[in-house]
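Chemist: sequence plus the predicted model coming up.
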Amino acid sequence: MTRTPPAATLADGLIRELDRALRTVVAGNVAQRDYPGEGVPDPGQDPDSRRHGAALMRVNHAGEVAAQALYHGQALTARDATVREALLAAARDETDHLAWCERRVSELGSHTSVLSPLWYAGSFVIGLIADRPSSSAFQAASVPMPSGVARPTPVITTPP
């Protein structure tokens with residue numbers, strides 16, 4: 001007799017997301033694609049330039065951590081399975097960027113942000129609530145504009 005596994009509960013989803021958060025913030029991420037800087041000679045920067053480059057890469061890494069959290073938070077609450085899968089696919093793609101940032105920060109002799117858990121947590125909460133009005137919010141933000149379509153011009157009014 002084949003037994004059907006029970007449906008995942010909200011608690012199961014939260015435990016899965018805690019695991020993803022820990023893997024993103026604590027564990028070293030592994031890229032599926034080749035490192036873009038592979039084989040590029042180190043330009044032999046002076047220490048100040050290396051520190052500055054590391055600081056910029058640390059900010060970039062924090063953004064990648066936040067992207068992971070946003071995608072995972074939205075995927076957890078997405079009501080549309082197609083949207084959920086698109087979000088999870090985007091998160092998998094972003095894992096390469098996260099791994100590349102970690103590697104470059106290390107190559108520059110520095111470390112990622114100690115605030116990464118905070119960036120993840122805040123972005124995850126934003127992702128959780130981003131889907132509340134409807135799943136079209138993600139689609140509207142992620143579907144490219146057709147070519148030839150003019151972007152709207154912002155109108156700024158000032159009081160008389």
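Modeler: Nice, I can see it. All values derive from a computational prediction rather than experimental measurement. Numbers count the residues shown, from 1 in each chain.
Chemist: hang on, residue 70 packs against residue 130?
Modeler: Yes. Counting by C-beta atoms under 8 Å, residue 70 does reach residue 130; the two are 7.3 Å apart. No exception for glycine: its C-beta is placed from N, CA and C like everyone else's.
Chemist: more neighbours: these two, which one.
Modeler: For residue 70 versus residue 130, neighbours defined as other C-beta atoms under 10 Å are more numerous around residue 70 (24 against 18).
Chemist: in the chain, which helix or strand is least confident?
Modeler: Every helix and strand in the chain was compared by mean pLDDT, DSSP states H and E; the lowest is helix 136-142, with a mean of 46.
Chemist: for residue 39, the count of nearby residues, please.
Modeler: Counted with other C-beta under 10 Å, the burial measure for residue 39 works out to 7 neighbours.
Chemist: name the helix or strand for it, please.
Modeler: With secondary structure defined by DSSP states H and E, residue 39 is part of neither a helix nor a strand.
Chemist: equivalent analysis for residue 82, please.
Modeler: When secondary structure is defined by DSSP H and E, residue 82 falls within helix 81-107.
Chemist: that helix: which residues count as buried?
Modeler: Buried residues in helix 81-107, counted by 16 or more other C-beta atoms under 10 Å: 83-84, 86-88, 90-91, 94-105.
Chemist: how far does stretch 51-63 sit from its chain's centre?
Modeler: 15 Å (C-alpha atoms, centre = their mean, to the nearest Å).
Chemist: same deal with stretch 87-100?
Modeler: Stretch 87-100 has its C-alpha centroid displaced from the chain centroid by 6 Å (C-alpha atoms, centre = their mean).
Chemist: do stretch 96-111 as well
Modeler: In terms of C-alpha atoms, centre = their mean, the centre of stretch 96-111 is set 15 Å apart from its chain centre.
Chemist: go on, stretch 75-85?
Modeler: 16 Å.
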